[in-house]
Every structure is written in C-alpha cells, then in structure tokens.
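Participant: Below are the sequence and a predicted model for it; my questions follow.
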Protein chains: 2
Amino acid sequence: MARPRKFDEERAVDAAMEAFWAAGYEATSTQDLCEATGLGRSSIYNTFKSKHDLFERALARYMECKSAELTELLESELPARDKIRALLQRVIDEESAARGADGRGCLVVNTYVEVSARDDAVAAALARDYDKRLAAIRDVLESGRRAGEIAAGKDARTLAHLAIASVSGLRVAARAGVGRAELEAIADAALAAF
Amino acid sequence: MARPRKFDEERAVDAAMEAFWAAGYEATSTQDLCEATGLGRSSIYNTFKSKHDLFERALARYMECKSAELTELLESELPARDKIRALLQRVIDEESAARGADGRGCLVVNTYVEVSARDDAVAAALARDYDKRLAAIRDVLESGRRAGEIAAGKDARTLAHLAIASVSGLRVAARAGVGRAELEAIADAALAAF
DNA sequence: GAAGTTTTGGATGGATCAGTACAAAATGAG
DNA sequence: CTCATTTTGTACTGATCCATCCAAAACTTC
C-alpha cells in the first residue's frame, strides 16, 4: 500500500498534552510541539488538522485520564464524606508535588481560564467534562445522604458543585503559593460544609 | 522646559488593564495596547519600559482597586459570617454579569493561571496581594470568633484561606458555565463551613 | 521669537508565529 | 523490480510579534 507511520499517534497526543499542560495553549508554539513529540512539522500537520485540533485532542485525553482517576477514587467503600476528603487530599498531593516539580497545575482549570472564554468548541468540551464529574460526585453524595452520612436537608447536586469548586479553589490557592499544611487545613475546614 | 504629555498615565494604565483583563497577557498584543490606550507605540515605550512592565502596572492597579473594594466591604457593621456571605455574593454578581457581558473573570485568578508560574516578579506581586487579602479577612473572622459568631474551635486564618479559596472556586465554576442560581446555592452551602 | 527638551507618528528590524508546498524517502502490492 | 501511495524533512509563505530608531512636532523657558 504505502509507507507506514514511524510514530504512535497516541504517544504524540500524550506528548502534546504535556507541552500544553506545562506552558498553556498560546505559549506553546508549533515548534515546541515538534520538539515535545519528536515529530516533524509535516507529520503533525498530516496527522492533526491544526494546533487547535491537536490541543482539543490533548485536552480530551487529559480529561479522560482524570475522569478515570476520579471514577476509581469514588468507587471505594468509604463513606461519602471520606470520598470527598480523599478527593481533596489527592488534589493537594498533586498540586504540592507540582509546585516543586513544575508548577503546571491542572490543565482543565488552566484551560477554563486561558482558552474557554474565546473558544466555543473547547468550552463545550469542558462543560461536558464538568457535567460528568458533577454527576459522578452527586451520585456518591446522594448515596451518602440515603445512608445517613450526609444531612438530609442538603442537596446532593449543590454539594457536588461545592466539591468541584473546592477542588478549583485549592488548586488556585496552591498556585498562589499556599503550602501543603495550610492546604490540608483548608480542605479539612471545607469538609465541614458536607 | 519641554513638550508636555498629551495623555494621562493613569488612564493609560487603566485602559491597558482592561485589555489584559479581557484577553490575557499573551493574547494582548502591543498593537492591542495602542488601540486600547489610544496611544502610539512610541508613547507607550517611552512611558513604560515594555509590555511586561505595563502589565505589572496594570495588574497592580487592578489589585489596588479590588483591595479597596474588599476593605470597604469588610468595614460594614454586619456579623462576620454575613460579611463572608456578602463577599461571595459580590463575586457571583460580578461573574454572572461578566458571563453575559464579556466573560473575562478576574484578572488576578487569570494571572495566577496564565502568567504566575513562569514569571517570578508577577508571582511575587500576586503573593503580596494574597497575603493582604488573607490578613484582612482573618481579622474579620477573628473578631467574629471573639464575638461568638464563629465557633471558637475554628482557626480564623484557615477560614480566611477557605474564604479566598471559595471565591476562586466560584469564579472557576462560573467560567465553567454554572448559572447564577446554582452559584448562589454553592455559596450558601459553603457558608456552612464558617 | 530662538533654543532646548520631550513627545509623537511612522517606518523599520529581526524574530517568531501557524501553516503549506514539494520533492525525496520508504513501504506494500502487483 | 516497478508502481502507487503515504510519510517525512526542509524550505518557505505571509502575517504578526515586541521593540527600536529617527525626524518632525509641540511646548516651556529665556
């Protein structure tokens, strides 16, 4: 038939994801993407339509990974509040490690802020991801409410929104330079609302 | 002596702030800054050292304004928790209006995410601003704790961190497309932690 | 009004941007 | 081996990036 590809498309998307994650969309040049993926310009443009297209792929991949991690975390046998606690703790671990290592934060939060407002396709993808996470957490809290672990008067959906907002809040705080111990105290205080 | 300036430096910084606020640092070109301020290239580079310098000025101005607003808000006669409630409500008003009007969010949060990690000077300025806000809110909560409005077992400083994190969380949620009514429910739920 | 000083506009520089054109290289099918 | 097809490397496009240069304009002081 024809000459076969010398690279793995998935690995290229992964590498691009790392690049966008580290520097953001605008600040990542196509040259950076070539170096990160190890591909030539032609290969990238032959495989992906554009930088924007590659970004959407990379973002989708990131969201997939994170979504899988969340699902796994929420599937444990812990009480609902402890699941939320574990979620917040994981975020703190990520962000604290990231500060020392690379300080790149979370690609989803970064993209909300940097890209979302001026890019409808990206905004829509982020909104779908948000809804998925919201539903997963709401289910957990709803079960917890039925099990009596969460006060009956509290709305599971609202608390799920709050859980996600708490995650974002911790991430921004971490980026603001708040240290690990303080982040853990904040998370602990936030749990009082659940 | 010499030819006087035809423009007001402060107004120029204001206009630049609006531009950076609307589009972010990278996506705002020097051409955009000329158009926003109404100045020529020479005037801008004669007055400010560089785009980066102008950005620092604009960010400082933004933080000054917001800081003044916060101080004013915290000076009311309300109980401590109601002050926090008012703070969250103001954020919701801002973000909900912004979504329809321009969707630019908060320049400080945007800058944390877009610039902070790769710009020490900006990161330091943001950190100073964070500390100021933290201290102001901590004082309010400390008073509230002494007045018995806040449980004695809670640490005012941690709650102040939490208040700031709640603001960031709401802002990111708003950018994620969460509507006004839901934001208000989230804020209400978050207040249970105070 | 002349001299001296600063601002201003417009042209320009060199770098980098995203994306394309094209021919050489590489492969499987016949 | 030859042909058809796809990938790949390199050179290149036109646009835009931030910043600088310079001469003309504008204003104060003398």
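Facilitator: That came in fine, so what should we check first? Residues are numbered from 1 along each chain as shown, chains lettered A, B, ... in the order given.

Participant: For the rest of this, base every contact and every neighbour count on C-alpha atoms.
Facilitator: Noted.

Participant: is DNA strand D contacted by the strand or helix carrying A:L59?
Facilitator: When elements are assigned from DSSP states H and E, A:L59 belongs to helix A:51-74. No. Using Cα under 7 Å from any atom of the strand, helix A:51-74 never reaches DNA strand D; the gap is at least 13.6 Å.

Participant: Would you tell me what the next helix or strand after that helix is?
Facilitator: Sequence-wise, the next helix or strand downstream of helix A:51-74 (DSSP H and E) is helix A:80-101.

Participant: what helices or strands is the helix or strand bottoming out on mean pLDDT in chain A leaning on?
Facilitator: Of the helices and strands making up chain A, the lowest-confidence element is helix A:80-101, at a mean of 86, by mean pLDDT, DSSP states H and E. With contacts taken as 3 or more Cα pairs under 8 Å, 6 or more residues apart in numbering or on different chains; DSSP states H and E, helix A:80-101 sits against helix A:51-74, helix A:120-146, helix A:156-175, helix A:180-190.

Participant: could you check the angle helix B:180-190 makes with the third one?
Facilitator: Taking axes from the mean of the first three to the mean of the last three Cα atoms, to 10 degrees, one finds helix A:156-175 and helix B:180-190 inclined to each other by 80 degrees.

Participant: Extract the CA atoms of helix A:156-175 and return them as CSV.
Facilitator: Listed next in CSV are the C-alpha coordinates belonging to helix A:156-175 (Å, rounded to 0.1, in the frame of the first residue of the first chain):
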residue,chain,number,x,y,z
ALA,A,156,-26.5,16.4,46.8
ARG,A,157,-26.2,18.3,43.5
THR,A,158,-25.3,21.5,45.2
LEU,A,159,-22.8,19.8,47.4
ALA,A,160,-21.3,18.2,44.3
HIS,A,161,-20.9,21.6,42.7
LEU,A,162,-19.3,22.7,46.0
ALA,A,163,-16.9,19.7,45.9
ILE,A,164,-15.7,20.7,42.5
ALA,A,165,-15.5,24.3,43.4
SER,A,166,-13.4,23.3,46.5
VAL,A,167,-11.0,21.4,44.2
SER,A,168,-10.6,24.5,42.0
GLY,A,169,-10.2,26.7,45.0
LEU,A,170,-7.5,24.5,46.4
ARG,A,171,-5.7,24.5,43.0
VAL,A,172,-5.7,28.2,42.7
ALA,A,173,-4.6,28.6,46.3
ALA,A,174,-1.7,26.2,45.6
ARG,A,175,-0.7,28.3,42.6
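
Participant: That helix packs against which elements?
Facilitator: Helix A:156-175 makes packing contacts with helix A:80-101, helix A:120-146, helix A:180-190, helix B:107-114, helix B:156-175, helix B:180-190 when contacts are defined by 3+ Cα pairs under 8 Å, 6+ apart.

Participant: can you rerun that using 6 Å?
Facilitator: helix A:120-146, helix B:156-175 (3 or more Cα pairs under 6 Å, 6 or more residues apart in numbering or on different chains; DSSP states H and E).

Participant: any idea how far A:A16 is from DNA strand D?
Facilitator: Between A:A16 and DNA strand D the distance is 15 Å, computed by Cα to the nearest atom of the strand, to the nearest Å.

Participant: That residue sits in which helix or strand?
Facilitator: With elements taken from DSSP H and E, the one containing A:A16 is helix A:9-23.

Participant: What are the buried residues along that helix?
Facilitator: Neighbour-count burial for helix A:9-23, counted by 16 or more other Cα atoms under 10 Å in any protein chain shown, picks out A:12-23.

Participant: okay, the helices and strands packed on helix A:80-101 in CSV with distance to B:R180 and mean neighbour count next?
Facilitator: Formatted as CSV, the helices and strands packed on helix A:80-101 follow (distance: least, Cα to Cα, whole Å; neighbours: other Cα atoms under 10 Å in any protein chain shown):
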stretch, distance to B:R180, mean neighbour count
helix A:51-74, 25, 17
helix A:120-146, 16, 18
helix A:156-175, 12, 25
helix A:180-190, 21, 20
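
Participant: coming back round to it: kindly calculate the angle that the helix holding A:A16 makes with helix A:107-114.
Facilitator: 60 degrees.

Participant: contact partners of helix A:9-23?
Facilitator: Under the criterion Cα atoms under 6 Å, 6 or more residues apart in numbering or on different chains, residues A:33, A:36-37, A:58, A:104, A:107 lie in contact with helix A:9-23.

Participant: Could you rerun that using 7 Å?
Facilitator: Here helix A:9-23 makes contact (Cα atoms under 7 Å, 6 or more residues apart in numbering or on different chains) with A:28, A:33, A:36-37, A:57-59, A:104, A:107.

Participant: Likewise for stretch A:173-188?
Facilitator: Counting by Cα under 7 Å, 6+ apart, residues outside stretch A:173-188 touching it are A:88, A:92, A:95-96, A:170, B:112, B:127, B:158, B:161-162, B:165.

Participant: try stretch A:81-100
Facilitator: Contacts for stretch A:81-100 (Cα under 7 Å, 6+ apart): A:74, A:104-105, A:167, A:171, A:174, A:180, A:183, A:187, A:194.
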